[in-house]
Structures are given as C-alpha cells and as structure tokens.
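In: okay, sequence plus prediction incoming.
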Amino acid sequence: MKIGIHPTNYRPVAFKDVSNNDTFIVRSTIDTKETIKIEGIVYPLIKLEISNTSHPFYTGKQKLVDTAGRVDKFMNRYKNRKK
C-alpha cells in the first residue's frame, strides 16, 4: 500500500435518519458543521433522509417517505383522472 494517501482524521460521527429519528455512530472522515450531544458527548452530525432503519427493503414494510412534497405534487396533478 502507498503511504500517505489514506485520511488520518477518522473520528466518531453521528448519522441521524430524519424520517424516524434513529441515530447511529460510526467512525468517518466526513466534514460537517452541525453537532449533536449524545450521552454527554458531542459528535459531528450528518442528517440522512433514509437509512437501513427506515428503508422498505430492510424493514420489510412499505412506507411512504416524502421529504420534498413530491407525493402531494403528484396527487394534485393526477387526482382528477378516472381509472
């Protein structure tokens, strides 16, 4: 392996799934400006729209996740059409 090409600033980072408020901590080098306090320790925070705790493939449940109003926009556009 080449020396000096891998990042050295690995640190614990909190990833928060905003669809179900599940938070998990993983070591990462990602940069962020937000922080979160978990059990008295402050971690850098990355917000996710979907993770393995809310994705239908992993949960086995079909769940409607609408973060940008796309479903409402679709329903308004096609609500007057007949079957």
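Out: Received the coordinates, thanks.
In: quick one: residues contacting the residue most central in space within the chain.
Out: Compute the mean C-alpha point of the chain, and by Cα atoms, centre = their mean the closest residue is L48, 1.5 Å away. L48 is in contact with 15-18, counting by Cβ atoms under 8 Å, 6 or more residues apart in numbering. All C-beta atoms are positioned from the backbone trio N, CA, C, and that covers glycine.
In: please repeat the previous calculation with a cut-off of 10 Å.
Out: The contact partners of L48, taken as Cβ atoms under 10 Å, 6 or more residues apart in numbering, are 15-19, 22-24, 54.
In: try K37
Out: Contacts of K37 were listed using Cβ under 10 Å, 6+ apart, and they are 14, 43, 45.
In: now do the SS call for it.
Out: Following DSSP: H, G, I helix; E, B strand; the rest coil, we place K37 in the strand state.
In: okay, now K47: neighbour count?
Out: 13 (other Cβ atoms under 10 Å).
In: let me see the contact set for K79.
Out: By Cβ under 10 Å, 6+ apart, K79 has no neighbours at all.
In: give me the element the closest residue to I38 other than its chain neighbours is part of.
Out: Of all residues not flanking I38 in the chain, A14 sits nearest, at 6.2 Å (Cβ to Cβ, 6 or more residues apart in numbering). If you go by DSSP states H and E, A14 is part of strand 11-17.
In: what lines up beside that strand in the sheet?
Out: strand 22-28 (antiparallel), strand 41-48 (parallel) (DSSP bridges).
In: as JSON lines, the ones you listed with mean pLDDT and distance to R77 would be great.
Out: Shown next, in JSON lines, are the strands paired with strand 11-17 (pLDDT from 0 to 100; distance: least, Cβ to Cβ, whole Å):
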{"stretch": "strand 22-28", "mean pLDDT": "91", "distance to R77": "32"}
{"stretch": "strand 41-48", "mean pLDDT": "92", "distance to R77": "28"}
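In: ok, which of those comes nearest R81?
Out: strand 41-48 (34.3 Å; Cβ to Cβ).
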